[in-house]
Every structure is written in structure tokens, then in C-alpha cells.
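K.L.:
any chance you can model this:
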Amino acid sequence: MKLMKILKITAYATMITAGIFMIVKGCMEKRKKDAKEKMILIAKQLNTDIKNTERKISSRYHDKNQEKYDEMWGDSCQN
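P.N.:
Got it, this is the predicted structure:
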């Protein structure tokens with residue numbers, strides 16, 4: 001009789017422990033997935049920033065802005 005109680009308690013404890021491990025494992029996988037998605041978003045933002053910077057330092061962009069400046073202020077500021 002005592003042996004059956006010990007076996008039941010051991011079985012329940014094992015099931016509870018296995019459940020806890022499954023929950024922890026699931027949480028760890030979710031954290032990894034979230035971290036990966038976050039890194040992808042950061043990489044996309046950096047890529048966009050680099051493209052915008054390259055565009056803004058191009059001569060075409062400078063010429064376009066110079067035309068807008070000249071239209072707004074005229075040639076009076078270039079004297």
C-alpha cells in the first residue's frame with residue numbers, strides 16, 4: 001500500500017515537472033522568436049536609413065534642393 005502511494009506521488013511529481021519544463025521551453029522559444037523578429041526590424045530600419053543617407057548625399061538630391069532654395073529665396077542670397 002505504501003509503495004502504491006509512493007509510486008502515485010512520483011508519477012504526479014514527474015507529470016508536473018514535465019509540464020513545467022514544457023512551459024519554460026515554450027517561453028524560451030517565444031523569446032528567441034521575438035528577439036529574431038526584433039533584429040530583423042532593426043536591420044530593415046538600418047537599411048532604410050543607409051538608403052536615405054545615400055540618397056541625401058547624392059549630387060542629384062543636392063541639385064534638386066538648390067533649385068528649391070533658388071525658387072524660394074531667389075538670386076539675392078547668392079551675392
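
K.L.:
tell me the average confidence for the helix or strand hosting Gln45?
P.N.:
Taking DSSP states H and E as the criterion, Gln45 maps to helix 2-56. Mean per-residue pLDDT for helix 2-56: 91.

K.L.:
list the helices and strands that helix packs on?
P.N.:
Helices and strands touching helix 2-56, by 3 or more C-beta pairs under 8 Å, 6 or more residues apart in numbering; DSSP states H and E: there are none. C-beta coordinates here come from the backbone N, C-alpha and C atoms, glycine included.

K.L.:
C-terminal to it, what's the next element?
P.N.:
Counting by DSSP H and E, what follows helix 2-56 is helix 59-73.

K.L.:
and that following helix with helix 2-56, angle?
P.N.:
Interaxial angle, helix 59-73 versus helix 2-56 (axes from the mean of the first three to the mean of the last three C-alpha atoms, to 10 degrees): 60 degrees.

K.L.:
export helix 59-73 to CSV, keeping only CA atoms.
P.N.:
What follows is helix 59-73 as a C-alpha-only set of coordinates in CSV (Å, rounded to 0.1, in the frame of the first residue of the first chain):
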residue,chain,number,x,y,z
SER,A,59,24.5,65.2,-56.3
ARG,A,60,21.0,64.9,-57.8
TYR,A,61,19.5,65.5,-54.4
HIS,A,62,21.7,68.5,-53.8
ASP,A,63,20.8,70.0,-57.2
LYS,A,64,17.1,69.5,-56.6
ASN,A,65,17.4,71.2,-53.2
GLN,A,66,19.4,74.0,-54.7
GLU,A,67,16.6,74.6,-57.2
LYS,A,68,14.0,74.8,-54.5
TYR,A,69,16.2,77.2,-52.5
ASP,A,70,16.7,79.4,-55.5
GLU,A,71,13.0,79.5,-56.2
MET,A,72,12.2,80.4,-52.6
TRP,A,73,14.9,83.0,-52.0
